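Visitor: based on what follows, work out the 3D shape:
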Amino acid sequence: MLGYGRLKVRIIEAWVTVTWADGTTTREQWRLVTSLLDHTRYPAGDLVTLYHRRWQVETTYFSIKSTILDGRVLRSHRPADIDQEVYALLTVYQAIIRLAVDAVDTCPGARPDRISFTVALETAGDQVIAAVGIIIPVGDTLVGVIGQAVPNDLLPPTRDRGKARSKKTRPASTA
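Guide: This is a model prediction of the structure:
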């Protein structure tokens, strides 16, 4: 490997137990490779937990790329401007998500995983472009236009995809 230095890594082996929707449990061995070498500063249990939580961040970035940016790339050319543009995108994303979650909280039994980010984003965009209903009369709830649009167009309830693995058997060949 010319041109590349060697990177020291730490391999963490962990047993992860999962309880599925039907009540069965499975236990699997996982290996996590990390460059965080100090086991006292970065305990293995904490890193395994953080590994699973990182998917929330991945989902956020995917939402930003596929909805807010709509396939476009950042337009800034200098690092400081790129930072500013990324922070602006994250701020807009967070504001829309908070509005949508507040809206779903007004619906008994509705869960945040049924929020359509696309509906919330398009409604917010319409608000900015048309500036209709942006001032809420005194005494009204703070739900607003986004808060009305989101609960009216919730995604269908997600079904629990968790199911215990089953071993597939192949039919005997007839030779």
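
Visitor: what sits up against the helix or strand containing Thr49?
Guide: Assigned by DSSP states H and E, Thr49 belongs to helix 44-63. The contact list for helix 44-63, computed with Cβ atoms under 8 Å, 6 or more residues apart in numbering, reads Ile12, Ala14, Val16, Trp30, Leu32, Thr34, Leu36, Leu90, Tyr93, Phe117. C-betas here are computed from N, CA, C, even on glycine.

Visitor: pLDDT of that helix, averaged?
Guide: Mean pLDDT, computed over helix 44-63, is 83.

Visitor: so where do the helices sit in this structure?
Guide: Along the chain, counting by DSSP state H, helices occupy 44-63, 79-105, 117-130, 144-152.

Visitor: mean pLDDT for the ones you listed: which is lowest?
Guide: helix 144-152 (a mean of 75).

Visitor: restrict it to CA atoms and write it as PDB.
Guide: Extracted in PDB, the C-alpha atoms of helix 144-152 (Å, rounded to 0.1, in the frame of the first residue of the first chain):
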ATOM      1  CA  GLY A 144     -50.400  27.000  12.600                       C
ATOM      2  CA  VAL A 145     -50.500  25.900   8.900                       C
ATOM      3  CA  ILE A 146     -47.800  23.300   9.200                       C
ATOM      4  CA  GLY A 147     -49.400  22.000  12.400                       C
ATOM      5  CA  GLN A 148     -52.600  21.500  10.500                       C
ATOM      6  CA  ALA A 149     -51.100  20.000   7.300                       C
ATOM      7  CA  VAL A 150     -48.900  17.400   9.000                       C
ATOM      8  CA  PRO A 151     -51.600  15.500  11.000                       C
ATOM      9  CA  ASN A 152     -53.900  15.600   8.000                       C
END
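
Visitor: now do it against helix 117-130, angle only.
Guide: Between helix 144-152 and helix 117-130, the angle comes out at 160 degrees (axes from the mean of the first three to the mean of the last three Cα atoms, to 10 degrees).
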